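In: heads up, no residue letters with this:
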Ligand SMILES: Cc1cc2nc3c(=O)[nH]c(=O)nc-3n(C[C@H](O)[C@H](O)[C@H](O)COP(=O)(O)OP(=O)(O)OC[C@H]3O[C@@H](n4cnc5c(N)ncnc54)[C@H](O)[C@@H]3O)c2cc1C
């Protein structure tokens, strides 16, 4: 059957997350971007909403079941408040969700309860590499089998909270396939750049370059255990997180510029009464809805283990990256010169919006 | 309440059955009828009539009894444990037929837009009176006449008048309509066809503007009504597009759809617009069928030439052709989901003016872009009449024009999201 209505639990979650996004995240977003620092209090409060905790079964300390659909719904709401904040709150999932989806029983038992019990703590993952044609399925970071374990060599970029992370999943190329490896804090050969990445957007999010110089990983710390895991499924969940957060940013920009257009006057009427502006808004709204439905369908297919789920997640994230650029660009356009001034959030949303074309791997649902 | 994307059984079955029809009865004749404008595809018409009758109809109309478990499960059409899926099924059928040939789909017997108008605005007695015929012995057509030479998008400026003859209690209609899809088959009395009708929009009180607009059912054979011209078109050539003149056409009093008196409100006009909420996603679906045909054909030709699409690669590693094809798939899939959401809302009686117009905006864009790109990428093959790609591009363009142009649907969307009336945003 077709149905387009989140269930009751999902609606409650969306409402709670949405409220937090507007009341807590949005008000600190500007200052956080300027000062390059997210208030820890706000992140802690976002963590307490329990989005990740609710996606993990009781057996591992959580109180729910994993659902990509629910994850997509919650991620949109979070990013509607602020993208850097959303990524920060979701960072521990970068470690926990792949373990839940692909980890061995021992890995689940060892890590999941630790991560989700109590306060937000930095567990993270390193996927992105600093190359124009970065391809998650063709990594330059290499894993070699040596004796019983593995040795990692390479460089990772844009790793959230790497400096303080208790542990991270490092994705590396093992005989042509992308595989995850659990690397613990202070592992020998692991160097984290002391300077944070300086990017066009997302400045409130601490991202680091990470070097791996003959880092040893035991066989039991290969994601999924000795036989490894299917990376496609994890990548699809990352792509969906990307699509979902893009929706949140786009909706924020759309609503802000829509409301502005109904207030601002030019030539004796509200600018929203001019078709040139009204049509931009109509198209923004249409494209957001188009992207949203594709992300929902892809998430649903992933939950149902449909054959084409991963391809559809790819399509959803690719489409969403274009959509969010278009929407945020137009939001700036609708505000005119005022849109270019940093007091209004639309220019930040536009800077953040461009990131979706390259930043798959900063979140997962 | 849930988020689900599983095609219910009747939809899968319909797709399966109609695909064969689309291939054998439609695709194979596409080129012929494109090159023989104004010839009537009798084989298709008769086949579809028989087939639809066998399925318990005689037209493609949203079956109120359709449920996810299949036809005939009494009481499950919405009031049982399964919500109704009539419009979802219909949208799927239309998409599949349009994938075969969208022009020919428009020549599917049954009520078309005429019956849709009756369905949306008529009383139950009127519905019984006007709609029963489609299940009759012969294939039967109906059409909708809104557009006039001087009134297209601006429907409120139609000049056609209907005046009540107080003595005979008949409405007397005068006016000139143009661009009536299936207008010829609806009122010209062909031997092979049953008696059809047209739904004519006219004003009963020009001083009242929109509030004075009403629709009237005019039966085939009524004196004074005739087809004056059949248009020659860029595409969908097998579908007749008629100009119809009405000179002192008399119809019985109860052929008016909606109230015979003019109130100060615009309820009557809103009734007309409500029809569009139901039909716009269906027109969108017909466009998307063409787009899918073009995209599938393109991928097939690429494959023959050893070009596969490497899904999953970053943009930077894809060839231009791959990027184009991937973008086309994103557009097509998401547009289709917008159609499904709009008709799902219609099935569940949720107000869908916004979603309906958004689906039409999107489908108008997507259908034209995909078919135009397909011709471009196929190069000399695309431009050649040896293949259908060039025809699909011509057929596709109408999607962005009728049932509200892309601009008019943007207006509807904008008014909805801004909370503006027609006078605040025109
Ligand atoms: C093949 C075919 C079949 C058709 N079938 C039917 C049918 O069955 N029944 C029927 O009643 N009609 C039918 N039509 C008519 C169709 O619905 C109209 O052609 C359409 O609504 C546009 O009207 P128009 O052609 O007069 O263009 P116009 O209204 O003159 O529009 C011209 C241009 O101006 C734009 N425009 C108009 N108003 C505005 C505005 N307010 N803001 C911004 N832009 C605006 C339009 O988008 C368009 O780009 C058919 C047309 C064709 C070509």
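Out: It's in. This one's a predicted model, so the numbers in the text were calculated from it and none came from an experiment.

In: strands of chain B, start to end?
Out: Ranges of strands within chain B are B:3-5, B:142-145, B:161-165, B:170-181, B:197-203, B:213-219, B:225-230, B:241-252, B:256-257, based on DSSP state E.

In: for the ones you listed, could you give me TSV that also reports mean pLDDT?
Out: Shown next, in TSV, are the strands of chain B (pLDDT from 0 to 100):
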stretch	mean pLDDT
strand B:3-5	97
strand B:142-145	96
strand B:161-165	97
strand B:170-181	98
strand B:197-203	96
strand B:213-219	95
strand B:225-230	98
strand B:241-252	98
strand B:256-257	93
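
In: which among those strands is found nearest to the ligand?
Out: strand B:170-181 (3.4 Å; Cβ to the nearest ligand atom). All C-beta atoms are positioned from the backbone trio N, CA, C, and that covers glycine.

In: partner strands of that closest one and their direction?
Out: Strand pairing for strand B:170-181, determined by DSSP bridges: strand B:161-165 (antiparallel), strand B:241-252 (antiparallel).

In: what angle separates the shortest one from strand B:197-203?
Out: The one in question is strand B:161-165. For strand B:161-165 against strand B:197-203, the angle by axes from the mean of the first three to the mean of the last three Cα atoms, to 10 degrees is 90 degrees.

In: so where is the stretch 1-150 of chain A shaky, pLDDT-wise?
Out: The model of the stretch 1-150 of chain A has no residue with pLDDT under 70.

In: what's the answer for chain B, then?
Out: Along chain B, segments meeting pLDDT under 70 span B:63-81, B:264-272.

In: and the helices in it?
Out: Along chain B, the stretches classed as helices by DSSP state H are B:9-21, B:28-35, B:42-54, B:86-105, B:112-121, B:124-131, B:183-187, B:267-304, B:320-347, B:353-383, B:389-396, B:406-418.

In: for chain A, what's its nearest residue on the stretch 101-250 of chain B.
Out: Using Cβ to the nearest Cβ, the single residue of the stretch 101-250 of chain B nearest to chain A is residue B:153, 12.7 Å away.

In: okay, now the closest residue to that residue other than its chain neighbours: neighbour count?
Out: Once flanking residues are discounted, residue B:153 sits nearest to residue B:408: 5.0 Å by Cβ to Cβ, 6 or more residues apart in numbering or on different chains. As a burial measure, residue B:408 scores 19 neighbours (other Cβ atoms under 10 Å in any protein chain shown).

In: so how far is the ligand from residue B:408?
Out: Remark: distance between residue B:408 and the ligand (Cβ to the nearest ligand atom, to the nearest Å) = 6 Å.

In: residue contacts, the residue nearest to residue B:414 when sequence neighbours are not counted?
Out: Spatial nearest neighbour of residue B:414, chain neighbours left out: residue A:278 (3.8 Å); criterion: Cβ to Cβ, 6+ apart. Contacts for residue A:278 (Cβ atoms under 8 Å, 6 or more residues apart in numbering or on different chains) come out as A:261, A:272, B:410, B:411, B:414, B:418, B:425.

In: any idea how far the fifth one lies from residue A:261?
Out: Read that as residue B:414. Note on residue B:414: its distance to residue A:261, by Cβ to Cβ, to the nearest Å, is 10 Å.

In: between these two, which contacts overlap?
Out: The contact sets of residue B:414 and residue A:261 overlap at A:272, A:278, A:281 (Cβ under 8 Å, 6+ apart).

In: can you list these in CSV and add secondary structure?
Out: Output for the shared contacts of residue B:414 and residue A:261, formatted as CSV (DSSP: H, G, I helix; E, B strand; the rest coil):
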residue, secondary structure
A:272, helix
A:278, helix
A:281, helix
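
In: tabulate these (CSV), appending distance to the ligand and pLDDT.
Out: Compiled in CSV, the shared contacts of residue B:414 and residue A:261 are given as follows (distance: Cβ to the nearest ligand atom, whole Å; pLDDT from 0 to 100):
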residue, distance to the ligand, pLDDT
A:272, 14, 98
A:278, 10, 98
A:281, 14, 98
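
In: name the nearest of these relative to residue A:56.
Out: Residue A:56 lies nearest to residue A:281 out of the shared contacts of residue B:414 and residue A:261, by Cβ to Cβ, at 39.6 Å.

In: for that closest one, which non-adjacent residue is spatially closest?
Out: In space, and not counting its chain neighbours, residue A:281 is closest to residue A:258: 5.4 Å by Cβ to Cβ, 6+ apart.

In: could you do residue A:156 as well?
Out: Closest residue to residue A:156 apart from its sequence neighbours, by Cβ to Cβ, 6+ apart: residue A:126 at 3.8 Å.

In: which strand residues bridge the one you found?
Out: For residue A:126, the beta-bridge partners are residue A:170 (DSSP bridges).

In: wait, residue A:183 sits on residue A:171?
Out: No. Residue A:183 lies out of contact with residue A:171 (Cβ atoms under 8 Å); the separation is 10.6 Å.

In: looking at these two, which one has more neighbours?
Out: Higher neighbour count among residue A:183 and residue A:171: residue A:171, with 28 against 24, using other Cβ under 10 Å.

In: give me the nearest residue to that one, chain neighbours excluded.
Out: residue A:127 (4.7 Å).

In: equivalent analysis for residue A:115, please.
Out: Going by Cβ to Cβ, 6+ apart, residue A:115 has residue A:96 as its nearest residue, at 4.8 Å.

In: what of residue A:77?
Out: Excluding its sequence neighbours, the residue lying closest to residue A:77 (Cβ to Cβ, 6+ apart) is residue A:17, at 4.0 Å.

In: which residues touch the one you found?
Out: Listed by Cβ under 8 Å, 6+ apart, the contact set of residue A:17 reads A:49, A:51, A:74, A:77, A:78.

In: so which strand or helix has the third one?
Out: Think residue A:74. Assigned by DSSP states H and E, residue A:74 belongs to helix A:68-81.
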